[in-house]
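**Q** Give me the fold of what follows.
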Amino acid sequence: MPAYSVETTNVVEVVLASSALQVVPSGNPSSVGVTLTLALSPPTTVTGGSWSVGDNVIVNWQAGQQGVFPAYTGRASVDMNTATLTLTSVTVADSGDYIMLGTAPSQLRANANITVLEKFKGFKFHIKAHCSEKGRLQYMREMREAPVSNVVITHNTTDYVEFDTAVLTCSVSSGSSLSYLWLNGSSDVTASEGVQLGDGGSTLTMVNVTRYDQGPFRCNASNDIGDGISQPVNLTISYGPNSMVFTVNGQQNFTTFSVGSNLTMSCSAQSQPPAEFQWAFSEQAVNGTGPELALYSASEAQSGSYSCVAFNNKTNTNSTITKYITIGGSEQQAVNLWLLPFLSLFGAIFSMSGRHQTVITGRYPAETGTKETKQRAGHSDLKVQIVYST
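**A** This is a model prediction of the structure:
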């Protein structure tokens with residue numbers, strides 16, 4: 001059987017000045033005549049820098065302007081925000097070590113070794129009689145395979161509402177006998193409940209997508225000659241509103257206030273895009289939109305049910321949370337309600353006979369002064385004097 005060899009080159013990860021930065025080629029090895037793109041992963045904003053191969057500078061860019069060196073005029077360009085290099089009509093001479101150096105931000109350095117191969121145009125060969133049939137078929141299979149190039153993810157949309165079904169398809173410009181690997185971030189995507197891989201693994205279907213399925217998704221296509229990886233695709237998942245929270249003056253559980261108090265009711269919800277809010281009092285809409293509703297110098301007539309309604313105009317759903325707010329009684333009564341837990345505690349401690357007096361000093365939203373209240377604890381009188389100030 002004739003001797004033969006197949007040259008392969010793998011993607012080289014970045015030489016790191018910045019943690020996990022990588023150069024992701026559209027195909028490696030690449031084929032003569034195709035368009036090669038080199039992108040940074042994860043996507044990074046680089047507004048100034050240069051690309052070179054070996055000792056030859058290809059292009060540099062700064063402050064929204066780029067300069068392509070003469071040997072690459074008409075073939076090379078760079079995205080001046082993402083630093084993605086595009087090189088058209090590549091040749092075997094374009095093989096080499098590609099280096100990206102960033103100047104804005106500085107100290108960014110990434111590289112990848114790229115191989116460009118001649119396109120397969122067919123061949124003739126003779127197999128010696130003693131070569132086994134299995135070996136002959138293996139030889140023919142390997143010689144028929146073509147390099148992988150221009151791996152891309154196609155889709156009808158990337159904009160979904162939570163619990164929709166999302167479909168992504170992986171395709172290549174050239175390549176045969178392909179295997180596919182899907183990635184969500186740095187994790188492999190495998191078939192499971194709600195995740196289906198079809199068409200030999202080239203189609204990814206996600207049933208009932210959630211807010212945690214936003215990606216970035218990438219597809220790696222490979223064969224025995226080489227592999228290529230796609231640009232990342234992110235999904236926009238709209239969800240909510242849900243998990244609502246209703247507070248009054250920053251508290252979730254305190255709902256009784258004295259006449260004349262100033263109240264700020266706040267409402268929040270988990271929602272994408274952010275929810276719109278409408279307030280209601282006793283099931284009647286009030287002139288209050290936004291996440292807060294304020295009452296100044298509240299009166300007893302303002303006691304009742306307060307509802308916050310959150311609406312998401314993308315999911316076309318709403319959610320409501322309601323609290324009953326009590327406004328009434330004198331300032332003395334409000335102090336007594338506030339002190340009730342303390343009085344119960346002191347009543348248990350001072351259960352012996354005799355009189356005991358405790359002074360509690362603190363802040364309370366009322367005029368400065370001193371109040372007294374009594375509680376009978378067994379046969380003892382517990383006298384509590386509250387000294388408070390604004």
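**Q** which residues sit against stretch 195-207?
**A** 165-171, 178-182, 189-191, 194, 213, 217, 219, 221 (Cβ atoms under 8 Å, 6 or more residues apart in numbering). In this view, the C-beta of every residue, glycine as well, is placed from N, C-alpha and C.
**Q** Buried ones among these?
**A** In terms of neighbour count (16 or more other Cβ atoms under 10 Å), the buried residues within those are 166, 168-171, 178, 180-182, 189, 213, 217, 219, 221.
**Q** pretty sure Gly200 is in a strand, no?
**A** No. Using DSSP: H, G, I helix; E, B strand; the rest coil, the assignment for Gly200 is helix, not a strand.
**Q** How many neighbouring residues does it have?
**A** Residues lying near Gly200 (other Cβ atoms under 10 Å) number 10.
**Q** related to what we said a few turns ago, out of the contacts of stretch 195-207, list just those in strands.
**A** Within those, residues falling in strands by DSSP state E are 166-171, 179-182, 189, 217, 219, 221.
**Q** Quick one, grab the pLDDT at the nearest residue to Asn56 once chain neighbours are set aside.
**A** Leaving out its chain neighbours, the residue that sits closest to Asn56 by Cβ to Cβ, 6 or more residues apart in numbering is Ala71, at 6.7 Å. pLDDT recorded at Ala71 is 89.
**Q** try Ala366
**A** What the model reports as pLDDT for Ala366 is 35.
**Q** now swap in Phe120 and tell me
**A** Model confidence at Phe120, given as pLDDT, is 50.
**Q** And for Asp188?
**A** So, for Asp188, pLDDT stands at 94.
**Q** Quick check: bridge partners of it?
**A** Leu183 (DSSP bridges).
**Q** That one and Tyr180 touch, don't they?
**A** No. The criterion here is Cβ atoms under 8 Å, and Asp188 misses it with Tyr180 at 11.2 Å.
**Q** Any stretches of the stretch 1-150 of the chain with poor pLDDT?
**A** Per-residue confidence for the stretch 1-150 of the chain (pLDDT under 70) gives these ranges: 1-20, 119-145.
**Q** which residue ranges form the strands in it?
**A** With DSSP state E, counting those that start in this stretch as the criterion, the stretch 1-150 of the chain has strands at 22-25, 30-31, 36-41, 48-53, 56-62, 65-68, 76-78, 85-87, 96-104, 106-114, 116-117.
**Q** picking that back up, is it true that the residue nearest to Asn56 touches Asp55?
**A** No. Contact criterion Cβ under 8 Å: Ala71 and Asp55 do not qualify, at 11.8 Å.
**Q** Which of these two has more residues huddled nearby?
**A** Comparing Ala71 with Asp55 by other Cβ under 10 Å, the one with more neighbours is Ala71, at 12 against 6.
**Q** contacting residues for the residue nearest the centre of the chain?
**A** Closest to where the C-alpha atoms of the chain average out (Cα atoms, centre = their mean) is Gln214, at 6.4 Å. Shown in contact with Gln214 (Cβ under 8 Å, 6+ apart): 234-237.
**Q** can we see that at 10 Å?
**A** Residues near Gln214 by Cβ atoms under 10 Å, 6 or more residues apart in numbering: 158, 160, 184-185, 234-237, 272.
**Q** and what of Asn234?
**A** Asn234 sits next to 43, 158, 214-217 when contact means Cβ under 10 Å, 6+ apart.
**Q** Would you point out the most distant pair within those?
**A** Set against one another by Cβ to Cβ, those have their most distant pair in Pro43 and Thr158, with a gap of 14.9 Å.
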